[in-house]
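# 3D, please:
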Amino acid sequence: MTATAAAVRPYTRRISPIERGYLNAAATGTPQLIQMIVEGEGRIDPDALRDAVRSATLASPGLAVRRRGAGWRADGPLPPVVELPGDDGFDAPFFHRDLDVVTGPVCEVGLVEGQSTQGPSTRLVVRASHIVTDGRGLRQWIADVFRVLRGEEPVGAASVVDDAHFRTAAGKVPPAEPPARLEGLPAILGDGPADGAPLWIRRRVRAAPSAVTARVAAALSRRLAGKTGRLIVPVDLRRHDRTVRSTANLTSRLVLDLHRDDSWKRLHGQVVRALLDKREVAALEGDFLRSNPFANSLREARELDGTRFPCTAIISDHGRIDTAELRTDRFRPTGFSTLPMLVPYAEMFLSTCQVGDDTELTLSCRSRPGAREAAGAVLDDIEQALTTPR
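Down below sits the predicted model:
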C-alpha cells in the first residue's frame with residue numbers, strides 16, 4: 001500500500017475474537033506486549049532508522065492503528081524511535097511501559113548504542129501491542145525496516161483478513177472437545193507475593209536440535225510440583241494460507257496436558273497430531289466464555305493470586321531466524337531474542353528461537369522471592385535437554 005492509497009482509503013479491519021481475548025487480558029492490568037531484540041555489531045543511524053520505520057509502516061499500516069469502536073483504523077501515530085542510554089539491562093521504564101491501543105502508538109522502537117571488544121555495537125528493541133499483532137506479523141515488519149535501511153523497497157503486509165478467513169482456508173476441521181478446566185496448579189517458580197513486574201532470564205544454548213517445543217516441555221516436566229501440568233503452544237494461523245501477508249494477531253493456540261517426567265517424543269507426537277487435526281482452528285469455534293479452560297471472566301482472572309495457575313507454561317518457538325534479513329552494510333546481527341509478556345493465568349512464558357547453531361531462550365515469570373533461582377534451574381534442565389541427544 002502506498003502513502004497515497006493509504007490517504008484515499010485508510011486501512012481498517014474489525015477487531016477479531018482473538019484480539020478481543022487480548023483486550024480482556026489487558027483489562028486485568030497486565031500489559032500485552034511483544035518485545036523483540038536484535039543485537040549486533042556496527043551502527044544504525046537514528047535518522048535513517050526513523051525513515052525506514054516510516055516507510056515500513058506505510059507498507060504495513062496495521063502497526064499504526066488505533067481502536068475505533070469495534071475496529072482498527074490506521075490513523076494513529078507512526079512507531080517512534082527512542083534513543084536509549086547505554087545497556088542497563090531490562091530494568092529501564094522503556095521495557096515495562098504499556099502501549100495504548102486507543103491513543104497509539106501501538107508500536108515503538110528502542111535504539112541502544114554500545115561498545116564491545118570488536119568495536120561499536122547496537123541493540124534494537126521493537127515493542128508492539130500483542131492485541132494488534134503477533135510474532136509473525138511483527139517479524140515481517142522488522143524485515144521491511146531492514147529492507148529500507150539497505151535501500152530496498154518494503155514488501156508490505158496490508159491484508160485486512162482476520163481469523164475467520166483462516167477458518168475457511170483450513171477446510172474441514174474435526175470437532176474437538178475443549179480441554180477440561182483445572183482448579184489450579186501449584187507454583188514452581190518462587191514463593192510469596194510478586195511485585196507485578198516481569199522477571200526475564202535469558203540463556204543462549206550452543207545447540208539447535210529439532211522438536212524444540214517438545215524438548216523444552218519435557219525438561220519443564222521434571223520441575224512440576226504435582227503429577228500434571230498444562231501447556232499452551234501458540235500456532236500461527238497463516239500456515240493455512242501462506243499467500244496472506246498481515247501484521248494482525250493471527251495466533252491461535254494448542255492446549256496440551258503435561259505429565260511429570262514426560263518424554264519429549266510423546267510430547268512431540270502430541271503436538272504433531274494436534275497440528276494435523278488443526279486443533280488450533282477447532283479452538284476458535286467454541287464459545288470463549290464456556291470453553292476457555294483458564295478464566296471465564298475478568299473477575300476470575302483477577303482472582304488468580306499467583307500461588308496456583310490454571311496453566312503451567314506457554315512455550316512459543318519462533319523457529320529459525322534468517323539473520324540475512326537483519327543486516328545492513330554497517331550492521332551485522334549477532335543475536336535475536338524476545339522478552340515474553342506475563343499472562344494472567346500462566347505461571348511462565350518460555351520463548352525460543354534458533355540463530356545459526358544456537359538456541360536463544362528467554363523465560364518470563366513474576367518477580368518474587370526465589371523466582372530467579374528456580375527459573376535458572378528450569379533453564380539448566382532445558383539446556384541439558386537441548387544439548388543431550390536422546
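
# What helix or strand is residue 232 located in?
strand 228-236 (DSSP states H and E).

# which residues are in contact with that strand?
With Cβ atoms under 8 Å, 6 or more residues apart in numbering as the test, strand 228-236 has contacts from 134-136, 179, 182, 185, 213, 217, 220-221, 250-260, 271, 275, 280, 293, 310-316, 346. (Glycine included, C-beta is placed from N, CA and C.)

# which element follows that strand toward the C-terminus?
strand 251-259.

# now what about that following strand, what contacts it?
With contact meaning Cβ under 8 Å, 6+ apart, strand 251-259 is reached by 18, 134-136, 163, 179, 217, 220-221, 224, 227-237, 267, 270-271, 274-275, 279-281, 283-284, 293, 312.

# Give the PyMOL command for selecting the buried subset of those residues.
Selection of buried members from these for PyMOL, criterion 16 or more other Cβ atoms under 10 Å:
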select buried, resi 18+134+135+136+163+179+217+220+221+224+229+230+231+232+233+234+235+236+237+267+270+271+274+279+280+281+283+284+293+312
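
# Is it correct that residue 32 is in contact with residue 128?
No - counting by Cβ atoms under 8 Å, residue 32 does not reach residue 128; the two are 10.0 Å apart.

# Just want to know which of these two has more residues nearby.
More crowded of residue 32 and residue 128, by other Cβ atoms under 10 Å: residue 128, with 29 against 26.

# any idea how far residue 360 is from the more buried one?
Remark: distance between residue 128 and residue 360 (Cβ to Cβ, to the nearest Å) = 19 Å.

# cool, and residue 381?
Computed as Cβ to Cβ, the residue 381 to residue 360 distance reads 17 Å.

# The two: which has the busier surroundings?
Shown here are residue 381 and residue 360; by other Cβ under 10 Å, residue 360 has more neighbours (21 against 17).

# could you list every residue that touches the more buried one?
With contacts defined as Cβ under 8 Å, 6+ apart, the neighbours of residue 360 are 202, 203, 204, 205, 335, 336, 337, 352, 353, 354.

# What of residue 248?
If a contact means Cβ under 8 Å, 6+ apart, then residue 248 has 13, 16, 19, 62, 132, 133, 134, 137, 159, 160, 161, 162 as its contacts.

# Is it possible to get TSV of these that adds pLDDT and secondary structure?
Listed next are those as TSV, based on pLDDT from 0 to 100; DSSP: H, G, I helix; E, B strand; the rest coil:
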residue	pLDDT	secondary structure
13	95	strand
16	92	coil
19	93	helix
62	97	helix
132	97	coil
133	98	coil
134	97	coil
137	97	helix
159	96	coil
160	95	coil
161	94	coil
162	92	coil
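
# With residue 146 as the reference, measure out to residue 329.
Counting by Cβ to Cβ, the gap between residue 329 and residue 146 amounts to 11 Å.

# Counting neighbours around each, name which of those two comes out higher.
Neighbours per residue, other Cβ under 10 Å: of residue 329 and residue 146, the larger number sits with residue 146, 23 against 9.

# next structured bit after the host helix or strand of the more buried one?
Per DSSP H and E: residue 146 is located in helix 135-149. Going down the chain from helix 135-149, the next helix or strand is helix 163-169, by DSSP H and E.

# So for that following helix, mean pLDDT?
Mean pLDDT, helix 163-169: 95.

# Go through it and flag the buried ones.
163, 165, 166, 167, 169.

# just checking, next helix/strand downstream of it?
Next element after helix 163-169 (DSSP H and E): strand 185-186.

# Mind picking out the helix or strand in this protein with the poorest mean pLDDT?
The helix or strand of the chain with the poorest confidence is helix 3-8; it has a mean of 44 (mean pLDDT, DSSP states H and E).

# quick one on the thing from earlier: specify which member of the buried residues of helix 163-169 is nearest to residue 364.
Residue 364 lies nearest to residue 163 out of those, by Cβ to Cβ, at 25.0 Å.
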